[in-house]
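[1] Sequence and computational prediction follow.
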Amino acid sequence: MVDGDTSREQLLETFRSIDTQTLITMALIFLIAYVLGRVITSLLLKLSEKLSHTGRIKVEVIIPIIKFVIYLIAFYFIFREIFKIFGPEIFLLAGLLGAAIGFGLKDLFSDIVGGLVITFEKPYQIGDKISIGNYFGEVTDIGLRATKLITPDANVVTAPNSLIFKETVASANYGVSEMMVVIDLYIAGESHVETAMKILWEAVVSSKYVYISRERPVVLLHKALPFYTRLRAKAYVNDLRDQFKFESDVHTRAWVEFQKNGIRAPQLHILNIPSIEEKYESEATTRRNLGSNLGPNAGDLKDSR
Amino acid sequence: MVGIQHSSSGEKDFVEVLGLKEEIEKIQSTIADFEMGKKLNIAIVAEPLKGKTTLSSEIERINLNRAAKITFSKIVKNKNEISLPDDAKKIVILDNCHFLYMRKPGGFDIFYEFLDMISSQNRIFVTTWNIYSWKYLNEAFGLGKYFPVQIFIPAFEKENIRLFILKKYEKDEIKFAKDEESEEKPFFYIIKYPVELASLGKKIFISAPKINISYLRNRFLKKQKIEAAEDQVFEKLYLESNGNPGIALRIWDLGLDYPRIKPKNIGIFSYEVDLEYEEAFTLNLILSYQSLKKSEITEIMGSMMSVDRILYQLLSQELILKDENDSYRVRPEALSSITTYMEKLRLVW
């Protein structure tokens, strides 16, 4: 008990001995690391935008590694300062730190460890299109604490790095610039499927956004469903950033050609849904004829019979 | 297309001058196999201006009595243009086959007819293709399987570039003059080698030391100084054109102040290409077809695109030119910068 009091007093005495200069030095080290990390990240991102698609991804991959190396060096210098101050009492401080991490800072610590895992294990990289949690988007930054994504709707999502321990991460391209896009087109069941497949094939392979190689082939699939036919194209977009442009381009040009060849979209009349006015009149008539004990959908029931 | 005309001098077999002796032998050997019952279609593939039309003409000349040649000069839209009469000759040479498709939905019908024709008829087909169209069609439609014999025209040697250009003139008609400053760099000087960096999409120049062997030879063997100027001219032409004779000829024409030419007049062409994606794709179409009319570009791109704006942009960056037939072509001296840029975007590979 006496030893414990002595240690606490020693530790408090050490805290009191920390001068302003030391604190400024430690803050400066952290600030320099932060600014250096930002500057290098910014320069490398600018450089990567000038490179080819594959070159861009290669440069972006090294950004988080460089940032972590900078922070590691900064932490080394900060801990050296701390060790200078506390000496053997560092172990007492470690106990305090452990308690702090255990209570208040565990999430932050978990995020930093997650950042290290992401940097070195690479479940995803800057430039990848990933799904994590409820979000899908392009990874624009992997920081010490969080990963930034930009969604297709241009929302910037900041996801804590610790999410990788709890959520499954899906990377759509995993370090390459091309990415598979699945394009579905629905046509009327009575349409000539072979012609439609030929048109879809040509719309895909002639798109300005497509990337075709032996390793990245275009695949077409056909599925006949009760009221319509689904045509599915699996093809790679040249630059993952053009995913939606590619999909839209294929849709537009395929439908122009479908119309020339008499291929129609599935018709809603198959379901025999009456128009709004017709439905309203029908309901009113039914209520009048059958009385008020029938529900509001009585007209539908009658029609369907 | 810059043609490489057949020499009538008789001093040297032009096949050797072209540097395509092996290629011609391979084609002739395949034709001989066909006569023996083994049919393998032939594809001659090259980048623009590299001499594929000339090579196909040479094949026609060699097989004069048994070969028929059809040259396509624009996108083929009527299948009658590719149909052959039953009594046609057994060797069919089809030049510029990259005009047999239109890159849009519904634009490949002629191409399918063509594939059906070359695989079903008892004839041997010798075809020429733009390399970028070829690679695209090969990946998308497996075109290479229809052409087991593929001839990729190699780059010219430096000496062949010299012979190819000088054969248009009489002996000693062209006067090679030294640059003033070249007198001051007698045996050792710095030369800038062009290097294409596809990842950056541009060409850079790397300075490297060079020994002026011509000067030393002239100095110690007492030859005429004018030879050194000629060597310098053709070395620069060779480096700038990457051994493409059509580009070399264009650069020569731009630098010639008839009848004099100096090494410094051989221009170094490096274009800063900066285009939006639609503009780059249009340029890729022009590069792949070698020659396209505005109406054809509009048809491929669809009516949504502002083709006028795109073409204006390409013309103002001096990447393309409009020829006498109102067709747009890639500027020969810009070809190297354009292909480097296209490789960066992976629009060609």
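    Yes, it's here. Treat the numbers as computed from the prediction; the structure is a model and nothing was measured.
[2] Look at the closest residue to B:Thr339 other than its chain neighbours and give its secondary structure.
    Of all residues not flanking B:Thr339 in the chain, B:Val348 sits nearest, at 6.4 Å (C-beta to C-beta, 6 or more residues apart in numbering or on different chains). C-beta here means a position set from N, CA and C on the backbone, and glycine is covered the same way. Look at B:Val348: counting by DSSP: H, G, I helix; E, B strand; the rest coil, its state is coil.
[3] Show the pLDDT at B:Val348.
    Predicted confidence (pLDDT) for B:Val348: 92.
[4] For it, list the residues it contacts.
    Contacts for B:Val348 (C-beta atoms under 8 Å, 6 or more residues apart in numbering or on different chains) come out as B:132, B:135, B:284, B:287-288, B:339, B:342.
[5] same thing but at 10 Å, please
    Contact analysis of B:Val348 by C-beta atoms under 10 Å, 6 or more residues apart in numbering or on different chains lists B:47, B:131-133, B:135-136, B:198, B:284, B:287-288, B:338-342.
[6] likewise B:Lys202?
    Contacts of B:Lys202 by C-beta under 10 Å, 6+ apart are A:50, B:195-196, B:270-273, B:337, B:340-341, B:344.
[7] Type out the PyMOL command that picks the buried ones from the residues you listed.
    Here is the PyMOL command that picks out the buried ones among these, judged by 16 or more other C-beta atoms under 10 Å in any protein chain shown:
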select buried, chain B and resi 196+270+271+273+337+340+341+344
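[8] Please tabulate the contacts of B:Lys202 in TSV and include distance to B:Gln121 and pLDDT as additional columns.
    Putting the contacts of B:Lys202 into TSV (distance: C-beta to C-beta, whole Å; pLDDT from 0 to 100) gives the following:
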residue	distance to B:Gln121	pLDDT
A:Lys50	50	81
B:Val195	46	74
B:Glu196	41	70
B:Ser270	47	84
B:Tyr271	44	87
B:Glu272	49	87
B:Val273	43	89
B:Ser337	42	92
B:Thr340	40	92
B:Tyr341	40	93
B:Lys344	41	90
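[9] Can you tell me which of the contacts of B:Lys202 end up in strands?
    Of those, the ones assigned to strands by DSSP state E are B:195-196.
[10] Residue numbers of the stretch 51-200 of chain A in contact with chain B?
    With C-beta under 10 Å from any C-beta of the partner chain as the criterion, the stretch 51-200 of chain A meets chain B at residues A:51-56, A:58-59, A:177-178, A:198-200.
[11] Could you rerun that using 6 Å?
    Within the stretch 51-200 of chain A, the positions near chain B by C-beta under 6 Å from any C-beta of the partner chain are A:51-53, A:55, A:199.
[12] May I ask you to name the longest helix in chain A?
    The longest helix of chain A (DSSP state H) is helix A:53-86.
[13] next SSE after that helix?
    Following helix A:53-86 in sequence order, the next helix or strand is helix A:90-100 (DSSP states H and E).
[14] That next one vs helix A:53-86, what angle?
    120 degrees (axes from the mean of the first three to the mean of the last three C-alpha atoms, to 10 degrees).
[15] could you point out where chain B is predicted with low confidence?
    B:1-18, B:179-187, B:198, B:200-201, B:213-227, B:303-305 (pLDDT under 70).
[16] hmm, try it at 80
    In the predicted model, chain B carries pLDDT under 80 at residues B:1-19, B:86-88, B:178-228, B:303-305.
[17] which bits of it sit near chain A?
    Counting by C-beta under 6 Å from any C-beta, chain B comes close to chain A at B:103-106, B:108, B:139-140, B:199, B:281, B:344, B:346.
[18] which two from these end up farthest apart in space?
    Using C-beta to C-beta, the pair of the residues of chain B next to chain A lying farthest apart is B:Gly106 and B:Ser199, separated by 36.2 Å.
[19] And the strands in chain A, which stretches?
    Using DSSP E, the strands of chain A run over A:129-132, A:135-142, A:146-150, A:156-160, A:170-171, A:179-188, A:210-211, A:219-224, A:228-237.
[20] Please enumerate the strands of the stretch 51-200 of chain B.
    Applying DSSP state E, counting those that start in this stretch to the stretch 51-200 of chain B gives strands spanning B:67-71, B:91-95, B:124-130, B:149-152, B:175-176, B:188-197.
[21] Contact residues of the stretch 201-305 of chain A facing chain B?
    A:202-203, A:205-206, A:208, A:212-213, A:238, A:253, A:257.
[22] could you redo the last one with a cut-off of 7 Å?
    Counting by C-beta under 7 Å from any C-beta of the partner chain, the residues of the stretch 201-305 of chain A close to chain B are A:202-203, A:205-206, A:208, A:211-213, A:238, A:253-254, A:257.
[23] out of those, what pair is the most spread apart?
    Across these, the longest distance by C-beta to C-beta is 25.0 Å; it joins A:Ser213 and A:Glu257.
[24] These two: who's more crowded?
    Taking other C-beta atoms under 10 Å in any protein chain shown, A:Ser213 and A:Glu257 do not tie; A:Glu257 has more neighbours (21 against 14).
[25] Please name the nearest non-neighbouring residue to that one.
    B:Pro105 (4.1 Å).
[26] and the one you found, how many residues sit next to it?
    By other C-beta under 10 Å, 26 other residues sit near B:Pro105.
[27] Surely it and A:Arg253 touch.
    Yes - using C-beta atoms under 7 Å, B:Pro105 is in contact with A:Arg253, at 5.2 Å.
[28] Can you work out which residues contact both of those two?
    Common neighbours of B:Pro105 and A:Arg253, counting by C-beta atoms under 7 Å, 6 or more residues apart in numbering or on different chains, are A:Ala203.
[29] Rounded mean pLDDT for stretch A:56-66, please.
    Averaging pLDDT along stretch A:56-66 gives 83.
[30] Contacts for it next, please.
    For stretch A:56-66, contacts defined as C-beta under 7 Å, 6+ apart pick out A:40-41, A:44, A:47-49, A:51, A:119, A:125-127, A:142, A:175-177.
[31] Check the offset of that stretch from the chain's centre.
    Distance of stretch A:56-66 from the chain centroid (C-alpha atoms, centre = their mean, to the nearest Å) equals 18 Å.
[32] Kindly report the same for stretch A:130-146.
    Remark: stretch A:130-146 is offset 5 Å from the chain centroid, using C-alpha atoms, centre = their mean.
[33] Name the residues of that stretch that are buried.
    Neighbour-count burial for stretch A:130-146 flags A:130-132, A:137-139, A:141-144, A:146 (criterion: 16+ other C-beta under 10 Å).
[34] Just flag the most distant two among the residues you listed.
    A:Ser131 and A:Leu144 (22.7 Å).
[35] out of the strands of chain A, deepest packed?
    Most buried of those by mean neighbour count (mean count of other C-beta atoms under 10 Å in any protein chain shown) is strand A:210-211; its value is a mean of 25.
[36] Which of the contacts of B:Val348 ranks first by neighbour count?
    Neighbour counts for the contacts of B:Val348, by other C-beta under 10 Å, peak at B:Tyr341, which reaches 28 neighbours.
[37] Remind me what the one helix or strand B:Leu314 maps to packs against, helices and strands.
    In this assignment (DSSP H and E), B:Leu314 forms part of helix B:307-316. Contact analysis of helix B:307-316 by 3 or more C-beta pairs under 7 Å, 6 or more residues apart in numbering or on different chains; DSSP states H and E lists helix B:277-289, helix B:294-301 as its packing neighbours.
[38] What angle do strand B:124-130 and the first one make with each other?
    For helix B:277-289 against strand B:124-130, the angle by the same axes, to 10 degrees is 140 degrees.
[39] Mind giving me the packing neighbours of helix B:277-289?
    Applying 3+ C-beta pairs under 7 Å, 6+ apart, we find helix B:277-289 packed against helix B:131-141, helix B:294-301, helix B:307-316, strand B:327-330, helix B:335-345.
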